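Asks: no sequence on this one, just coordinates:
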């Protein structure tokens, strides 16, 4: 028994309408940072970063570091930590500590190295 074209179209529409909200919900659960908080980081990555042409010499890269800081500490403190990272990146490139990541020498500068004093201990 074959389905009619109209029946197949209805089934496709039903699947599309069901999976779209579930996909959006799943993405939201995986990335709990609201979109307005991500706008400055995305702008820097896609506009300033492409015009600047240089890559972040740290590990993790600056955008991932900013995302981790925002996720862990919220908008105000997370943004402050991200800006602090960008400002002191140049000095760290000369001092280290260094690791090799995908064949490149990078400065190892995880969030835990900079936010230890914020943790409730």
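Replies: It's in. Only a predicted model underlies this, so the values are computations on that prediction, with no experimental measurement involved.
Asks: give me the buried positions along stretch 103-121.
Replies: By neighbour count with 16 or more other CB atoms under 10 Å, stretch 103-121 contains the buried residues 106, 107, 109, 111, 115. In short, each C-beta sits where N, CA and C put it, glycine included.
Asks: just checking, what packs against the strand or helix carrying residue 40?
Replies: Taking DSSP states H and E as the criterion, residue 40 maps to helix 35-43. Secondary structure elements in contact with helix 35-43, counted by 3 or more CB pairs under 8 Å, 6 or more residues apart in numbering; DSSP states H and E, are helix 62-95.
Asks: got the buried residues for the helix it packs on?
Replies: Residues of helix 62-95 classed as buried under the neighbour-count rule (16+ other CB under 10 Å) are 62-63, 65-70, 73, 78-79, 81-82, 85, 89, 92-93.
Asks: which strands and helices sit next to that helix?
Replies: Counting contacts by 3+ CB pairs under 8 Å, 6+ apart, helix 62-95 packs against helix 35-43, strand 58-59, strand 104-108, helix 112-115.
Asks: swap the cut-off to 7 Å and go again
Replies: Using 3 or more CB pairs under 7 Å, 6 or more residues apart in numbering; DSSP states H and E as the contact test, the elements touching helix 62-95 are helix 35-43, helix 112-115.
Asks: which parts of this protein belong to which domain?
Replies: The chain breaks down by automatic domain parsing into domains covering 1-30, 33-118.
Asks: output these as JSON lines; include the columns mean pLDDT.
Replies: Rendered in JSON lines, the data for the domains of the chain read as follows (pLDDT from 0 to 100):
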{"stretch": "domain 1-30", "mean pLDDT": "70"}
{"stretch": "domain 33-118", "mean pLDDT": "82"}
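Asks: mind checking how far stretch 58-67 is from the chain centre?
Replies: Counting by CA atoms, centre = their mean, to the nearest Å, stretch 58-67 is centred 8 Å from the centre of its parent chain.
Asks: then stretch 84-98?
Replies: Going by CA atoms, centre = their mean, the spacing between the C-alpha centre of stretch 84-98 and its chain's C-alpha centre is 20 Å.
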